[in-house]
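Chemist: Generate coordinates for the sequence data below:
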Amino acid sequence: MSKKNPEKKGLIKEFKEFISRGSVLDLAVGMIIGAAFTAIITAVVNYVLKPLISLIPLGESGTFKTVLKPAVAEVVNAEGEILVAAQAEVAILWSEVISAIITFLATALVLFIIIKVINSAKAKAEKAKAALEAKKAEEAPAEEEPAPAPAEPVIPEDIKLLSEIRDLLKAKE
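Modeler: Take a look at the predicted model:
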């Protein structure tokens, strides 16, 4: 008979709570959208900008690269005869570096614009919320202000006359 580990059950519950938090889900959506957007930027750079860069005349082959040293590979048999000889270039492909920089800058620019739009929308929402709260505060009666002190009670004329008569009678005694 095997007992289930209560620590494991708590760990699974804690993991479910962590995953179901909004910030984790937002991060996952952002990562997926970012990957898709990176693919779009890479395609634009590779298939639009890179061909335009390659039109710049930069040497004999028309490619924008720097050859560091030619590499020679030979296959020699046991008798010392060269069977296969191949020559390869070791080169820096500047057009690839420029493409990567353009991809980075384009991605950063678009993300900057997206964040700016989101922040602007948040600021407008907060401003509208503050205006709505101010309007509600103006319309609602002020509960915090103390009630005005009651004015002296208005005494009717007949009561005043009766009071004067009483005072005169008291004075005669």
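
Chemist: So which elements touch the helix ranked longest in the chain?
Modeler: Longest helix in the chain by number of residues (criterion: DSSP state H): helix 94-139. If you count contacts as 3 or more C-beta pairs under 8 Å, 6 or more residues apart in numbering; DSSP states H and E, helix 94-139 packs onto helix 22-44, helix 50-54, strand 65-76. (Glycine included, C-beta is placed from N, CA and C.)

Chemist: Now do the next helix or strand after it: distance to the chain's middle.
Modeler: The first helix or strand that comes after helix 94-139 along the chain, using DSSP states H and E, is helix 157-172. Mean-position distance between helix 157-172 and its chain equals 83 Å (C-alpha atoms, centre = their mean, to the nearest Å).

Chemist: In helix 157-172, which residues are buried?
Modeler: By neighbour count with 16 or more other C-beta atoms under 10 Å, helix 157-172 contains no buried residues.

Chemist: Now do that helix: which elements does it pack against?
Modeler: Against helix 157-172 (3+ C-beta pairs under 8 Å, 6+ apart) you get no helix or strand.

Chemist: Could you list the residues in contact with it?
Modeler: Contact with helix 157-172 is made by residue 155, as judged by C-beta atoms under 8 Å, 6 or more residues apart in numbering.

Chemist: Contacts only, for the most centrally placed residue in the chain.
Modeler: The centre of the chain sits closest to residue 115, judged by C-alpha atoms, centre = their mean, with a distance of 5.5 Å. Neighbour list for residue 115: empty [criterion: C-beta under 8 Å, 6+ apart].
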